[in-house]
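Quick check, what structure comes out for this input:
(4 chains)
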There are 2 protein chains.
Amino acid sequence: MTVQQSGRRERKKAATRQKIADTALRLFLERGYDAVGIRDVAAEADVAVTTLFSHFASKEALVFEQDEDFEHRLTRAVTDRAPHEPLIPALRREVLALVRHCTADSAAPIWRMIDASPALRKYDESVRLRHAESLATAIAADPDLTRSETVARTLARFVIDAYSLSREAPDPEAALDEIFPMIEAAWQAAGPPPRT
Amino acid sequence: MTVQQSGRRERKKAATRQKIADTALRLFLERGYDAVGIRDVAAEADVAVTTLFSHFASKEALVFEQDEDFEHRLTRAVTDRAPHEPLIPALRREVLALVRHCTADSAAPIWRMIDASPALRKYDESVRLRHAESLATAIAADPDLTRSETVARTLARFVIDAYSLSREAPDPEAALDEIFPMIEAAWQAAGPPPRT
DNA sequence: TACGAGATCCTATCCGTTAGTGTTACGGTC
DNA sequence: GACCGTAACACTAACGGATAGGATCTCGTA
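Next up is the predicted model:
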């Protein structure tokens, strides 16, 4: 059995991964995403190119390190909300938190870089679509929400749109204040559950 | 002055472009998108690789030949609608037409191929985002529609989502029937124009 | 200690894409 | 009809991301 890996190996692996990610981000921000090659990153992190690709699926993935929890946070906003708490406000709260996180001063240079690179924008789009799918699944699975799958998917897309549009807006929080009432109305219109 | 290019040159160029596109699509459908390289397409179309790339910006673009008018059709659905005709039904009509076009039997193998290839899916996503931006601009420019830019952009995204979700749904037209009432409600909620 | 497995490395290569540089053939002009 | 500018195309070579194959090392455990 290969249960209970007791440590050093996993720590080393995690350290390598972290070192690659840190080095990549540093170089990207210093010299620009397009001006830094995979071979540069690997050399500077003192690993082989193949090692780098065993940790990250693509060059773009180096930039989106922490986005695993984005997905979880959104679905948890659905699954972990208080019993009978309405869905939309819960989602709104979470999206607001995510947007604040992205537009914080510390993250700003990264997002400026992403917005400047077509490859990174494309990657971000596909990540968002994946998140929308997870969110749709979570919504469809909630026993309190008796909507069709199409409605669940639609709502999920709308919520991800809200995140994306608001992140790019000059005043993100004001944008959310405009968009979420629209989402709330769409949700109401989507056939309220059978019993009021 | 280089006005009025009168013919042969342009015809030859168009023919070359068409031959490349036709060859590419044929090979892709025959052997699969990933199994056909750019060099294969160029050889089979009897042109140089550089020529191919002077006609098409990328390998993916070979598959999305006719999509220029998608953009125009959507914006025209906004700009060319009858005076004071409500916006949403006009958009709904156009989206329905687009979805029917995509799900027609003739287009089905192409979309099956697109859905099977991550690269093509990504490309399609970015195309949709561009279309959403155009649509948002058209909506924002309409003097009858006095909504904010954020609302225009949001509505445009929602409409593109409707197209995308419905195209992928098992019953596309039924999906549209579910989604568009949601969009209508969102639009109503977005602050109706000052004078009702 | 010795072994199995996972992590890393090295080499070579594929593939999309572009730069650099000619060459042809068309179109407008005299 | 000869002439020149230029658009379209070709050839070669390369760049950069990504992967395959196989060797090597390092750790966990028997």
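
Spit out the contact partners of residue A:67.
By Cβ atoms under 8 Å, 6 or more residues apart in numbering or on different chains, the contact set of residue A:67 is residue A:127. The C-beta positions use only the backbone N, C-alpha and C, and glycine is treated the same way.

Roughly how far does residue A:139 sit from DNA strand D?
32 Å (Cβ to the nearest atom of the strand, to the nearest Å).

what about the helix or strand hosting that residue and chain B, touching?
Residue A:139 is part of helix A:118-141 when elements are defined by DSSP states H and E. Yes: Helix A:118-141 comes into contact with chain B (Cβ under 8 Å from any Cβ of the partner chain), by way of A:121-123, A:125-126, A:129.

by how many degrees do that helix and helix B:118-141 diverge?
Put simply, helix A:118-141 runs at 90 degrees to helix B:118-141, going by axes from the mean of the first three to the mean of the last three Cα atoms, to 10 degrees.

Which is the succeeding secondary structure element to helix A:118-141?
Next helix or strand after helix A:118-141 toward the C-terminus (DSSP H and E): helix A:149-168.

Break chain A into its domains for me.
Domains of chain A are assigned by automatic domain parsing as A:8-62, A:68-189.

Out of the residues of helix A:118-141 next to chain B, grab the one that's most surrounded.
residue A:123 (19 neighbours; other Cβ atoms under 10 Å in any protein chain shown).

thought that residue was touching residue A:57?
No: look at residue A:123 against residue A:57 with Cβ atoms under 8 Å: they stay out of range, at 10.2 Å.

list the contacts for the residue nearest to the spatial centre of chain A?
In chain A, the residue lying closest to the centroid (Cα atoms, centre = their mean) is residue A:70, at 3.9 Å. Residues counted as contacts of residue A:70 (Cβ under 8 Å, 6+ apart) are A:98, A:127, A:131.

how much does whichever strand or helix holds it deviate in direction from helix A:149-168?
Using DSSP H and E, residue A:70 maps to helix A:68-79. Here the directions of helix A:68-79 and helix A:149-168 differ by 130 degrees (the same axes, to 10 degrees).

Can you give the contact residues for the helix or strand just after helix A:68-79?
Next helix or strand after helix A:68-79 toward the C-terminus (DSSP H and E): helix A:87-103. With contacts defined as Cβ under 8 Å, 6+ apart, helix A:87-103 is touched by A:70, A:73-74, A:77-78, A:81, A:107, A:111, A:139, A:142, A:145, A:159, A:162-163, A:166-167, A:172-173, A:176, A:180, A:183-184, A:187.

what's the answer for stretch A:29-49, then?
A:16, A:19-20, A:23-24, A:27-28, A:51-53, A:59, A:62-63, A:109-110, A:113, A:116-117, A:119-120.

re the thing from before, for the helix holding residue A:139, which outside residues touch it?
By Cβ under 8 Å, 6+ apart, the residues outside helix A:118-141 that reach it are A:33, A:58-61, A:63-64, A:67, A:70-71, A:74-75, A:78-79, A:87, A:113-115, A:145, A:147, A:149, A:152-153, A:155-157, A:159-160, A:163-164, B:118, B:121-123, B:125-126, B:129.

Give the buried residues for that helix.
A:120, A:122-125, A:127-129, A:131-132, A:134-136, A:138-140 (16 or more other Cβ atoms under 10 Å in any protein chain shown).

which of the contacts of helix A:87-103 count as buried?
Neighbour counting by 16+ other Cβ under 10 Å classes A:70, A:73-74, A:77-78, A:81, A:111, A:139, A:145, A:159, A:162-163, A:166-167, A:172, A:176, A:180, A:183-184, A:187 among these as buried.

Residue A:78 and residue A:159, how far apart?
Residue A:78 sits 10 Å away from residue A:159, going by Cβ to Cβ, to the nearest Å.

Helix A:118-141 and the helix or strand that contains residue A:14, what's the angle between them?
Using DSSP H and E, residue A:14 maps to helix A:8-31. Interaxial angle, helix A:8-31 versus helix A:118-141 (the same axes, to 10 degrees): 130 degrees.

Please save the CA atoms from helix A:8-31 in PDB.
Output in PDB follows, covering the C-alpha atoms of helix A:8-31 (Å, rounded to 0.1, in the frame of the first residue of the first chain):
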ATOM      1  CA  ARG A   8       9.700  14.700   2.800                       C
ATOM      2  CA  ARG A   9       9.000  13.700  -0.700                       C
ATOM      3  CA  GLU A  10       5.700  15.600  -0.800                       C
ATOM      4  CA  ARG A  11       7.300  18.600   0.800                       C
ATOM      5  CA  LYS A  12      10.000  18.600  -1.800                       C
ATOM      6  CA  LYS A  13       7.500  18.200  -4.600                       C
ATOM      7  CA  ALA A  14       5.400  21.100  -3.300                       C
ATOM      8  CA  ALA A  15       8.600  23.200  -2.800                       C
ATOM      9  CA  THR A  16       9.600  22.600  -6.400                       C
ATOM     10  CA  ARG A  17       6.200  23.500  -7.600                       C
ATOM     11  CA  GLN A  18       6.200  26.600  -5.600                       C
ATOM     12  CA  LYS A  19       9.600  27.600  -6.700                       C
ATOM     13  CA  ILE A  20       8.600  27.200 -10.300                       C
ATOM     14  CA  ALA A  21       5.500  29.300  -9.800                       C
ATOM     15  CA  ASP A  22       7.300  32.000  -7.900                       C
ATOM     16  CA  THR A  23      10.100  32.200 -10.400                       C
ATOM     17  CA  ALA A  24       7.700  32.300 -13.300                       C
ATOM     18  CA  LEU A  25       5.600  35.100 -11.800                       C
ATOM     19  CA  ARG A  26       8.600  37.100 -10.900                       C
ATOM     20  CA  LEU A  27      10.100  36.900 -14.400                       C
ATOM     21  CA  PHE A  28       6.800  37.500 -16.100                       C
ATOM     22  CA  LEU A  29       6.300  40.700 -14.100                       C
ATOM     23  CA  GLU A  30       9.900  41.800 -14.500                       C
ATOM     24  CA  ARG A  31      10.200  41.300 -18.200                       C
END
